[in-house]
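Novice: quick one, structure for this:
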Amino acid sequence: MEHQVIAAIEPAFWQIAAAAIIFLVTYAIIITEKLNRAAIAICGAGIMLLLGIVDLYTAFTVHIEWRTIFLLLGMMILVGMTNKTGIIQYLAIKGVQLVKGGPLRVLVILSLLTGAGSAFLDNVTMVLLIVPVTIAITRELKVTPVPYLISEIMACNIGGTATLIGNPANMMIGTANEHLSFQSFLIHMAPISIIIMIVTILLLVLVFRKRLVVTEAARRDLMRLNAANYLQDRGLLRRAIVILALTAAGFLLHSVLNVEIAAVAIMGALLLMLAGVSKKHVEETIGMLEWKTVFFFIGLFIVVGGMIETGVITKLVSMTLQIASGDIAYTSMLILWISGIASATIDHIPFVATMIPFIERVGVELNITHPEQLNSLWWSLALGASLGGNGTLIGSSANVIAAGLASKAGKGFGFMDFIKIGAPVTLLSLLISTVYVQLFLLP
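Specialist: A predicted model of the protein is given here:
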């Protein structure tokens, strides 16, 4: 829905300047990762409110995307409770045993599992699940885990591109535009994600093939692992599978049933909490929710709201359209590449939060009456923001967390180790996406 400027009075110059300064300083501090990003976002929002750049009523009724917040909370609860079953760890062990512990085949299996999981689970959650299992498997195989971990990070960011719930950026884009349903993401994003995933895995196999050699004894040790030991709560697993299937059906049918996708996620979460799950499980899950992420979103929406209220976003749109001469195809390419490059160096969540009202304003400036005509811009943003996360080690939260877990296990890798692989993969992904957008997504 197009954000409207509520204030009838033209903002003063000092308000425009203050909004821009608060926005830039907030972003700069977030990028440094020296302070808690949720606290910084809330602080920036508070200053916007105190200066009267955004009033509290407008912030809460217009600028905060509550659908994104509730979708995020619902998915956090669903994933958090399902995590307790150990199903991902079980599938990982079974998968590598299925390919007899061949090191390159293990890399392919773990990457595919991570990519598929990231299409339906939060990227950070997927990394937290798969990295410890990967380190355990490579310890049995007596090989370095670094190629596997880098491959999983790549797969995580690519897989998250495929669906509306694959990563927070897609959630924000999907909930900002009612025409971009769960099915739309599957139809338009899943094919290109699969293509890029296949190309990336083939490239990674070629790059790492000489580093991954194991002995027969190590393979036998891996084959003796009992995957069933990783399953923690079979009763909860059965209930979780049923409710996750119902939730997935709700995602697929939400546009037909005329139900908000956020409502489907919240109902799925409530059903799982009520379906005979112990009080302890529920309390643990709620206690483990990423509340700092929720407050980060809220603060960020208000900070960006200040940019909207003062007309800064409108001015940026006008400049961009002048560069692109009002051409949707050219604008789509600009958004794809700018998003990809920006997301390699800063967290894509604040970037996407800024770009959403930007794209909405493009429709106003071009007098577009049918929102579907802007879809190529939305898809370009989703592709660039998600795939750009592979560019550097700080490109996404999942990258940083995976590197931290590896370092804690004594198997760390550095910024340059990652960028040697990540930068070429990102460049190739954006080139493939450029062709895809040109051929299939432009109006």
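Novice: count the neighbours of the spatially closest residue to residue 150 that is not a sequence neighbour for me.
Specialist: Nearest in space to residue 150, with sequence neighbours left out and distances taken as CB to CB, 6 or more residues apart in numbering, is residue 421 at 5.5 Å. Bear in mind the C-beta positions are built from the backbone N, C-alpha and C, glycine included. Taking other CB atoms under 10 Å as the criterion, the count of residues near residue 421 is 22.
Novice: these two touch, right, residue 421 and residue 146?
Specialist: No - shown here, residue 421 and residue 146 do not form a contact pair, counting by CB atoms under 8 Å, at 9.9 Å.
Novice: just the CA trace of the helix or strand harbouring residue 385, in CSV.
Specialist: Taking DSSP states H and E as the criterion, the element that holds residue 385 is helix 375-387. The C-alpha coordinates for helix 375-387 follow below in CSV (Å, rounded to 0.1, in the frame of the first residue of the first chain):
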residue,chain,number,x,y,z
ASN,A,375,6.4,-6.0,-10.2
SER,A,376,9.7,-6.1,-12.1
LEU,A,377,11.1,-3.5,-9.6
TRP,A,378,10.0,-5.6,-6.6
TRP,A,379,11.5,-8.8,-8.1
SER,A,380,14.7,-6.9,-8.9
LEU,A,381,14.9,-5.7,-5.3
ALA,A,382,14.2,-9.2,-3.9
LEU,A,383,16.9,-10.7,-6.1
GLY,A,384,19.6,-8.1,-5.5
ALA,A,385,19.0,-7.8,-1.7
SER,A,386,19.1,-11.6,-1.2
LEU,A,387,21.8,-12.6,-3.6
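Novice: how about the contacts made by the residue nearest to residue 150?
Specialist: Residues in contact with residue 421 (CB atoms under 8 Å, 6 or more residues apart in numbering) are 150, 154, 204, 207.
Novice: can you check the pLDDT for it?
Specialist: pLDDT, residue 421: 94.
Novice: repeat for residue 256
Specialist: 80.
Novice: try residue 347
Specialist: At residue 347 the predicted local confidence, pLDDT, stands at 66.
Novice: I'd like the numbering to begin with 16 instead of 1 from here.
Specialist: Understood, numbering begins at 16; the last thing we discussed is residue 362.
Novice: quick check, residue 152 in contact with residue 121.
Specialist: Yes - under the criterion of CB under 8 Å, residue 152 makes contact with residue 121 at 6.8 Å.
Novice: roughly how far apart are residue 145 and residue 345?
Specialist: In this structure, residue 145 and residue 345 are 39 Å apart, going by CB to CB, to the nearest Å.
Novice: neighbour-wise, which of the two wins?
Specialist: Neighbours per residue, other CB under 10 Å: of residue 145 and residue 345, the larger number sits with residue 145, 28 against 14.
Novice: excluding its backbone neighbours, what's nearest the residue most central in space within the chain?
Specialist: Within the chain, one residue has its C-alpha closest to the average C-alpha position: by CA atoms, centre = their mean, that is residue 182, at 2.4 Å. Here the nearest residue to residue 182 in space, its sequence neighbours aside, is residue 175; by CB to CB, 6+ apart that works out to 3.7 Å.
Novice: all set, thanks.
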